[in-house]
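Asker: The amino acid sequence is not available; the structure is as follows:
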């Protein structure tokens, strides 16, 4: 699999298929991340595609190993601008279905775990929820998450400590005690 850096450089040299590969690589995960912020799948999809379009149009200079962080930062910026403009209220997290081959029991169990997890995340303040999402669900490093959120590494560390503590407490309320 080609690195993000190589694909982005190929795109800058005129290979539009390289950008298509990056879109396919990050589209669904970016939409899911944005859903965690704005809680509307359609708007999240629009913001994700707008972020890709912005990169395609502007062709910014992106540091080595930073494409994903730059993409998420761009999408986050667009999303917050969208939220400020339209002052959307929380409408609940729309489900984003990713088809997989699983048994009915696995699907039901997964849906229940997902419901509990999203409920727990929804009870967190937005900055904590976002830091947890970026670090644990998007596998961004502390530095990348800090860059996306425009905070320093210490702030990310504090947000993640608070997030782990709150998540553990919320999961225990749901009867899940092995959340260690």
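Answerer: Nice, thanks for sending it over. The model shown is predicted, which means the values in this text are computed figures rather than measured ones. Residues are numbered from 1 along each chain as shown.
Asker: Report the helix or strand with the lowest average pLDDT across the chain.
Answerer: helix 104-122 (a mean of 71; mean pLDDT, DSSP states H and E).
Asker: mind checking how far the most centrally placed residue in the chain is from residue 148?
Answerer: Residue closest to the average C-alpha location in the chain (Cα atoms, centre = their mean): residue 33, at 2.4 Å. To residue 148, residue 33 is 9 Å away according to Cβ to Cβ, to the nearest Å. For the C-beta atoms, the positions are set from N, CA and C on the backbone; glycine is no exception.
Asker: which residues are common contacts for the two?
Answerer: Common neighbours of residue 33 and residue 148, counting by Cβ atoms under 8 Å, 6 or more residues apart in numbering, are 72, 134.
Asker: Can you list the low-confidence ranges for the protein?
Answerer: 87-110, 176-180 (pLDDT under 70).
Asker: What residue spans form the domains of it?
Answerer: Following automatic domain parsing, one gets these domains for the chain: 1-93, 101-171.
Asker: residues near residue 130, how many?
Answerer: 21 (other Cβ atoms under 10 Å).
Asker: And it, which helix or strand is it part of?
Answerer: Using DSSP states H and E, residue 130 sits within helix 126-132.
Asker: who's in contact with the helix or strand that that helix is followed by?
Answerer: Reading on from helix 126-132 to the C-terminus, the next helix or strand found by DSSP H and E is helix 142-149. Contacts to helix 142-149, defined as Cβ under 8 Å, 6+ apart, come from residues 66, 68-69, 72-73, 76, 127, 130-131, 134-135, 140, 152-153, 155-157, 160.
Asker: The same query, at a cut-off of 6 Å, please.
Answerer: With contact meaning Cβ atoms under 6 Å, 6 or more residues apart in numbering, helix 142-149 is reached by 69, 72, 73, 76, 134, 135, 152, 153, 156.
Asker: Now do the longest helix along the chain: distance to the chain's middle.
Answerer: Across the chain, the longest stretch assigned as helix under DSSP state H is helix 16-38. In terms of Cα atoms, centre = their mean, to the nearest Å, the centre of helix 16-38 is set 9 Å apart from its chain centre.
Asker: That one packs against which elements?
Answerer: Using 3 or more Cβ pairs under 6 Å, 6 or more residues apart in numbering; DSSP states H and E, the elements in contact with helix 16-38 are helix 4-12, helix 41-58, helix 67-86.
Asker: which stretch among the ones you listed comes nearest residue 115?
Answerer: Checking those against residue 115 by Cβ to Cβ gives helix 41-58 as the closest, at 15.7 Å.
Asker: tell me what the closest one is packed against?
Answerer: Under the contact criterion of 3+ Cβ pairs under 6 Å, 6+ apart, helix 41-58 touches helix 16-38, helix 67-86.
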